[in-house]
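Novice: I need the structure of the sequence given here:
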Amino acid sequence: MHRRYLQWCVPALLLVLLALTWSAPPTWWWHLAGTIALAAGTSPPGSTPDALLVERGKRLFFQETFEGNGRTCATCHRAERHFTIDPAFIATLPATDPLFVAETQAALAKLEDRA
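Specialist: Residues are numbered from 1 along each chain as shown. Prediction:
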């Protein structure tokens, strides 16, 4: 009982202390919070680590822009297209609207080149 209590309290206390340092936590904060909870082997009551991972994956897919071009994965990988991306969808994009951030940032242009 005492060990289980500590498994919840230590990560929770750490998260609260870190949260108090920001008025609005940056995006990476939520990834860190989820990672700490999973590493501590804890999960909210009524959930499993698998459910936490699924929820984290959904958040990444539907909300995270990775500080890129403002798109999420779901912007292009549409549910009504079974999460695929196809030439028909790409054809609907304006020519001035690049699909990937590497197309607009020279520093990332060679990112996909094999070494």
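Novice: For the rest of this, base every contact and every neighbour count on C-alpha atoms.
Specialist: Noted.
Novice: mind giving me the domain split of the protein?
Specialist: Here the domain parsing of the chain from automatic domain parsing is 1-49, 65-115.
Novice: Now the weakest link among those, please, by mean pLDDT.
Specialist: Comparing mean pLDDT across these, the weakest is domain 1-49, with a mean of 62.
Novice: Quick one: neighbours of R59, just the number.
Specialist: Neighbourhood size, R59 [other Cα atoms under 10 Å]: 14.
Novice: Could you check how far it is from H77?
Specialist: R59 sits 14 Å away from H77, going by Cα to Cα, to the nearest Å.
Novice: which residues does R71 contact?
Specialist: Residues near R71 by Cα atoms under 8 Å, 6 or more residues apart in numbering: E64, T65.
Novice: same thing but 6 Å
Specialist: With contacts defined as Cα atoms under 6 Å, 6 or more residues apart in numbering, the neighbours of R71 are T65.
Novice: Where does it fall, secondary structure wise?
Specialist: According to DSSP states H and E, R71 maps onto no helix or strand at all.
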